[in-house]
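K.L.:
I would like the atomic coordinates for the input below:
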Amino acid sequence: MSATASDDRTYRKIINSWAMYDWANSAFATTIMAAMFPPFYRSLAIAAGVTEAGATAAWAYTASIYQIIVALLAPVLGAISDHTGGKKWYLAFFAGLGVVGTGLFVVLGDDSYIMGSILYIVGAVGFSGANVFYESLLPHIAKKGDIDQVSTRGYALGYLGGGILLVLNMLWYMWPDLFFMPGEGFALRAAFFSVAVWWALFSIPLFRNVPEPPVVRTMDKAVNVVSAGFGRLAHTLRKMTNYKQLLLFLVAFWIYNNGIGTIITMATAYGDEIGIELSDMVIALIITQFVGIPFSFAFGSLAKRLTAKRSILLALIVYTLISIAGYFMQNEIHFYILAFMVGTVQGGSQALSRSLYGAMVPKSQTAEFFGFYSTSSKIAGVLGPLLFGVVSTLAGESRLSIISLIIFFLVGGLLLLRVDVAEGIRVAREEDAQVGWGQAG
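P.N.:
This is a model prediction of the structure:
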């Protein structure tokens, strides 16, 4: 085998192993965040005496709390890992936290929604914290010109993996007797536990095959790593004005991702409130998963033709239409249609946002900048679920909450139009040249 062929094979192995983590953790995003846990959580709250709208609002507030916690943790941890190395170690720690928190869902009683909030927050902090370090590996492993395609590959595998487990979980719930389960409640808890096992098992290829990136130390090695972390964060904040296009993109992302994240988090809670059966909602979300596979790849190809920025703008137009249609949703057929529409744009818009940001980030500071990316989006992302919960509480139902999401897509899209991506990439590469990235180990 020639050296070139061997290098290509090694590159593909690294890329596929990295993308398999999307397959692994997407089970949490599908079964827990989006499909089966929100209605289950509402049932716990209602069993404890909470009203229908109050149960939806409680779920929205739970989603906001975990985002605040991640927002406080991510940038400092990212800065520390850039200074000390060990991106994969931090990834493993947070993934382990998420796996344990999710596995403990099996202990939830019929009215223990407060404990449900606590365990969900633990699992979601693990999920989001691990993603900071997972995504920070992307600029290091993707070859020049491949970053959009590698990112969308991850999302496509995530849709497939999360979709496969969600189908299995749904079969358990609909026909527990066929799987020797005593009832729906047991099947739900078994589904939650299966997410923890799936997540842990399919994370292994990343830890075995993806190399740890080189470290560029911009501070004295003797400095305490926590102090170094805060110092690197302060350094990032001071220098952020030098990355004007990156900062403009971040503001746009903060805004439009609010809408995307709220739709993902609140879809089944909203559907449950208006009377759609859990089985119908899960089937609809399975549609989203499998529609998302080809469309994630399609957005990778579309980015080559239109650019990543224009492809994201196209997705935001579709999301605006989804929000309008969601206001008028009445039955499971409407839910199926909206689920299909979400599947056409969800993976592509998020993957291209990730790769567009990664292209404008200095490679010498990826975890720090992706920590800031995660933190800033989580801080901003609190507003969507919080607004949803407040409007639901005040109005007594959630239809006005759905229509309010339009503003996020419109304002975010208008700001994204102003981003000069080429200029952002140029500034990032100049920063790498100044610190000698690629020469350190």
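
K.L.:
hey, where'd the helices end up in the stretch 251-400 of the chain?
P.N.:
Per DSSP state H, counting those that start in this stretch, the stretch 251-400 of the chain carries helices over the ranges 278-306, 308-327, 332-359, 366-381, 383-395, 399-403.

K.L.:
quick one, longest helix in the chain?
P.N.:
In terms of residue count, the longest helix belonging to the chain (DSSP state H) is helix 52-84.

K.L.:
following it, which helix or strand comes up?
P.N.:
Moving toward the C-terminus from helix 52-84, the next helix or strand (DSSP states H and E) is helix 87-103.

K.L.:
Summarise which helices and strands the helix or strand just after that following helix is packed against.
P.N.:
Next along the chain after helix 87-103, taking DSSP H and E as the criterion, comes helix 113-136. Helices and strands touching helix 113-136, as assessed by 3 or more Cβ pairs under 8 Å, 6 or more residues apart in numbering; DSSP states H and E, comprise helix 3-27, helix 37-47, helix 52-84, helix 87-103, helix 366-381. Bear in mind the C-beta positions are built from the backbone N, C-alpha and C, glycine included.

K.L.:
Measure how far helix 113-136 is from the centre of its chain, please.
P.N.:
Averaging C-alpha positions (Cα atoms, centre = their mean, to the nearest Å) puts helix 113-136 11 Å from its chain's average.

K.L.:
what is the orientation angle of that helix with helix 87-103?
P.N.:
With axes from the mean of the first three to the mean of the last three Cα atoms, to 10 degrees defining the directions, helix 113-136 sits at 160 degrees from helix 87-103.

K.L.:
Run the angle between helix 113-136 and helix 3-27 for me.
P.N.:
Using the same axes, to 10 degrees, helix 113-136 lies at 170 degrees relative to helix 3-27.

K.L.:
ok, now how distant is the closest residue to P211 other than its chain neighbours from G358?
P.N.:
Spatial nearest neighbour of P211, excluding adjacent residues (Cβ to Cβ, 6 or more residues apart in numbering): I14 at 7.1 Å. Summarising the geometry, the distance separating I14 from G358, computed by Cβ to Cβ, to the nearest Å, is 16 Å.

K.L.:
ditto for T102
P.N.:
27 Å.

K.L.:
More neighbours: the two, which one.
P.N.:
Looking at T102 and G358 with other Cβ atoms under 10 Å, you find the greater number of neighbours at T102, namely 30 against 25.

K.L.:
Is that one in contact with A196, as I believe?
P.N.:
Yes. In this structure, T102 is within contact of A196 by Cβ atoms under 8 Å, at 4.3 Å.

K.L.:
pLDDT weak spots in the stretch 101-250 of the chain?
P.N.:
Within the stretch 101-250 of the chain, the stretches with pLDDT under 70 are 215-237, 239.

K.L.:
same thing but 80
P.N.:
Segments of the stretch 101-250 of the chain classed as low confidence (criterion: pLDDT under 80) are 111, 144-145, 155, 214-241.

K.L.:
now the stretch 251-400 of the chain
P.N.:
Residue ranges of the stretch 251-400 of the chain with pLDDT under 80: 264-266, 363-389, 391-400.

K.L.:
re earlier: could you give me the buried positions within the longest helix of the chain?
P.N.:
Along helix 52-84, these residues count as buried under the neighbour rule (16 or more other Cβ atoms under 10 Å): 52-67, 69-71, 73-84.

K.L.:
how about stretch 415-432: buried residues?
P.N.:
Going by neighbour count (16+ other Cβ under 10 Å), the buried part of stretch 415-432 is 415-416, 419, 421, 424-425, 428, 431-432.

K.L.:
Give me the contact list for that stretch.
P.N.:
242-246, 248-249, 251-253, 255-256, 307-309, 312-313, 316, 356, 359-365, 438 (Cβ atoms under 8 Å, 6 or more residues apart in numbering).
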